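Novice: Here is a sequence together with a model predicted from it:
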Amino acid sequence: MSRVIALEEGLEEIGEFLKNRGFQVVAWGDQNFAVDAVVYMGRRLDEIQSTQFSPALESVYDYSGGQSYGVLLVNAQNRTPQEIYEIIKNRVYEHFI
């Protein structure tokens, strides 16, 4: 099963990169199903409209499968598509060791 990644508008290059690596990519706010990660650009979370953020949050509560870790939020500012891919793949921003 491929991971579903929601992207903020304007991040199409990152979307293509992720699609080429097997992820399903949807527009942020247009999805009607659970997402594993949301990629956004350079805003503080409190600046993001709650209506835009709501579908991703609701997917956490609706998920009934095993090993649910919630929705990973990835700020794409100053990151390459490869770095974003690694963050999503490993579900961490940096290695701890």
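Specialist: Sure, I can see it. Numbering: from 1, shown residues only.

Novice: right, and the helix or strand after the helix or strand bottoming out on mean pLDDT in the chain?
Specialist: When each helix and strand of the chain is scored by mean pLDDT, DSSP states H and E, helix 50-62 comes last, with a mean of 50. Sequence-wise, the next helix or strand downstream of helix 50-62 (DSSP states H and E) is strand 72-75.

Novice: so what does the next helix or strand after that following strand touch, helix or strand wise?
Specialist: Per DSSP H and E, strand 72-75 leads on to helix 81-90 as the next helix or strand towards the C-terminus. Under the contact criterion of 3 or more C-beta pairs under 8 Å, 6 or more residues apart in numbering; DSSP states H and E, helix 81-90 touches helix 12-19, strand 37-40, strand 72-75. All C-beta atoms are positioned from the backbone trio N, CA, C, and that covers glycine.

Novice: Any buried residues in the last one, and which?
Specialist: By that I understand strand 72-75. Neighbour counts using 16 or more other C-beta atoms under 10 Å place 72, 74, 75 of strand 72-75 among the buried residues.

Novice: looking at the helices and strands packed on helix 81-90, which is buried most?
Specialist: Ranked by mean neighbour count under mean count of other C-beta atoms under 10 Å, the helices and strands packed on helix 81-90 are led by strand 37-40, which reaches a mean of 23.
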